[in-house]
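# sequence first, predicted coordinates after that:
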Amino acid sequence: TAGNLTLNDDITAHGSGTVTLAVLGADASLITGDGDDDIASTSGAISITADRLALVGGTIASSGALTLQPNAAAETIGIGDGATGDFNLTATEIGLLTNGFSSITIGKANSGAVDINAITFNDPVTIQGAAMTVTALEAATNNITLTSTSTIDEDADNTTADITTSGTLSLTAQGAVGATGGSGPLDLTVGTLEATTNAGGIFLLESSGLIIGGNGVQTTGGDAAIEITLTAGDLTLNEDITANGAGSVTLTLSGADAAVITDNANDDIASGTGAISITADRLTLALGAIDSDGALTLQPNAAAESV
């Protein structure tokens with residue numbers, strides 16, 4: 001309940017046995033000092049709760065789930081070299097997480113602001129907290145989940161990829177995801193996307209083909225708009241894109257001969273009363289509906305495209 005937990009040797013659970021370490025003192029740390037300071041289970045969950053982590057050596061390993069979280073509410077989180085946060089994990093410390101976890105969760109619902117900077121995960125990762133800034137978050141083929149009680153935005157307004165995975169990216173916020181106009185959108189290179197916010201809107205720039213999956217892309221309050229731009233590849237809907245109330249939906253595909261594709265009854269593009277604009281050289285609308293009481297614009301991207 002007070003003070004640091006310092007490892008001078010291993011903590012190891014047998015088989016599916018779990019490891020739960022809770023360091024509950026204010027600003028208290030879990031500290032590993034050398035290569036012998038492993039925290040491990042064969043297949044059990046590992047949970048580490050402490051306001052500070054100082055992982056100098058040793059590894060954390062299991063084929064089960066890993067949870068790393070601060071104890072105090074509103075504790076800020078930094079992930080990656082140069083990231084800002086009291087609960088801070090450098091790239092070297094992330095490298096001590098042995099590949100093979102079923103999932104990695106960092107932060108919790110009542111954590112503070114989260115800063116993510118140039119970090120790669122080798123397992124599915126979920127990051128939780130308040131306002132999030134992100135740049136160069138990568139997870140190869142693994143799923144990435146960001147859950148914010150505020151906004152999710154890029155660290156700097158540019159077109160450098162902020163999030164990269166060929167798996168599924170899931171975004172849940174209670175404020176804007178990215179920003180409209182110029183280089184404000186959140187920059188993605190992902191395989192499949194699902195995104196939800198209840199305020200502020202969803203503004204995304206994707207560099208390749210994109211599948212809308214999971215629970216779709218939706219704003220659930222505040223007349224919040226949705227803007228998705230692809231610079232290459234097709235936009236394939238396996239779920240709905242729906243804006244709340246008067247929120248507009250703007251889908252722009254700037255790649256040559258790129259298509260918006262719908263293929264089942266769940267592939268709606270909708271708003272209550274907002275304008276819907278779809279710009280793409282090709283439309284392949286097999287099923288689903290395009291629905292709003294507002295204006296609808298359907299147009300090719302390329303000049304001189306025949307209609």
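Nice, I can see it.
# quick one: pLDDT of residue 156?
At residue 156 the predicted local distance difference test score is 86.
# how about the helices of this structure, start to end?
Taking DSSP state H as the criterion, the chain carries its helices at 91-94.
# tell me the contacts of the residue nearest the centre of it?
In the chain, the C-alpha nearest the mean C-alpha coordinate belongs to residue 146, at 3.5 Å (C-alpha atoms, centre = their mean). Residue 146 sits next to 126-127, 132, 134, 152, 163, 169-173 when contact means C-beta atoms under 8 Å, 6 or more residues apart in numbering. For every residue, glycine as well, the C-beta is placed using N, CA and C.
# ok, 6 Å please
When the contact criterion is C-beta atoms under 6 Å, 6 or more residues apart in numbering, the partners of residue 146 are 127, 152, 171.
# what do you get for residue 9?
By C-beta under 6 Å, 6+ apart, the contact list for residue 9 reads residue 36.
# same check, this time on residue 74
For residue 74, counting by C-beta under 6 Å, 6+ apart, the contacting residues are residue 112.
# quick revisit: for the residue nearest to the centre of the chain, name its beta-bridge partners.
Partner residues in beta bridges with residue 146: residue 127, residue 171, with DSSP bridges as the criterion.
# go on, residue 252?
Residue 252 forms beta bridges with residue 229, residue 279, as assigned by DSSP bridges.
# how far away is it from residue 230?
From residue 252 across to residue 230, the span is 7 Å (C-beta to C-beta, to the nearest Å).
# picking that back up, dump the contacts of residue 146 to a markdown table, plus pLDDT, distance to residue 72 and neighbour count.
Formatted as a markdown table, the entries for these read as follows, by pLDDT from 0 to 100; distance: C-beta to C-beta, whole Å; neighbours: other C-beta atoms under 10 Å:
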| residue | pLDDT | distance to residue 72 | neighbour count |
| --- | --- | --- | --- |
| 127 | 98 | 17 | 24 |
| 152 | 98 | 22 | 29 |
| 171 | 98 | 26 | 24 |
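# and those as a markdown table, adding distance to residue 281?
As requested, the contacts of residue 146 are exported to a markdown table (distance: C-beta to C-beta, whole Å):
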| residue | distance to residue 281 |
| --- | --- |
| 127 | 36 |
| 152 | 30 |
| 171 | 27 |
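# any idea which of these is closest to residue 23?
Checking the contacts of residue 146 against residue 23 with C-beta to C-beta, the nearest one is residue 127 at 20.5 Å.
# contact partners for the closest one?
In this structure, residue 127 makes contact with 106-107, 146, judged by C-beta under 6 Å, 6+ apart.
# over to residue 59?
Residue 59 neighbours (C-beta under 6 Å, 6+ apart): 38, 96, 98.
# among those residues, which ones are buried?
38, 96, 98 (16 or more other C-beta atoms under 10 Å).
# columns distance to residue 138 and pLDDT on top of these, output as JSON lines?
As requested, the buried ones among the contacts of residue 59 are exported to JSON lines (distance: C-beta to C-beta, whole Å; pLDDT from 0 to 100):
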{"residue": "38", "distance to residue 138": "26", "pLDDT": "96"}
{"residue": "96", "distance to residue 138": "18", "pLDDT": "96"}
{"residue": "98", "distance to residue 138": "18", "pLDDT": "97"}
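# in strands only, show me those.
Among those, none falls in strands (DSSP state E).
# in a markdown table: these, plus distance to residue 64.
Formatted as a markdown table, the entries for those read as follows, by distance: C-beta to C-beta, whole Å:
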| residue | distance to residue 64 |
| --- | --- |
| 38 | 15 |
| 96 | 17 |
| 98 | 12 |
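# give me the pLDDT value at the closest residue to residue 29 other than its chain neighbours.
The shortest distance from residue 29 to any residue other than its chain neighbours is 3.9 Å, reached at residue 52 (C-beta to C-beta, 6 or more residues apart in numbering). With respect to pLDDT, residue 52 has a value of 97.
# same check on residue 32?
What the model reports for residue 32 is a pLDDT of 93.
# re the thing from before, nearest to residue 187, of the contacts of residue 59?
Within the contacts of residue 59, the smallest distance to residue 187 is 28.7 Å, found for residue 96 (C-beta to C-beta).
# backbone phi and psi for that closest one, please?
Backbone dihedrals for residue 96, given as degrees, to the nearest 10, come out at phi -80, psi -10.
# separation between it and residue 90?
Here the criterion is C-beta to C-beta. By it, residue 96 lies 10 Å from residue 90.
# residue 252 and residue 230 - which one has more neighbours?
Set side by side, residue 252 and residue 230 show unequal neighbour counts under other C-beta atoms under 10 Å, the larger going to residue 230 at 23 against 19.
# show me the contacts for that one.
For residue 230, the contacting residues are 206, 210, 253, by C-beta under 6 Å, 6+ apart.
# number of nearby residues for the residue nearest to residue 199 when sequence neighbours are not counted?
The shortest distance from residue 199 to any residue that is not its chain neighbour, by C-beta to C-beta, 6+ apart, is 4.2 Å, and that residue is residue 222. Neighbour count for residue 222, taken as other C-beta under 10 Å: 17.
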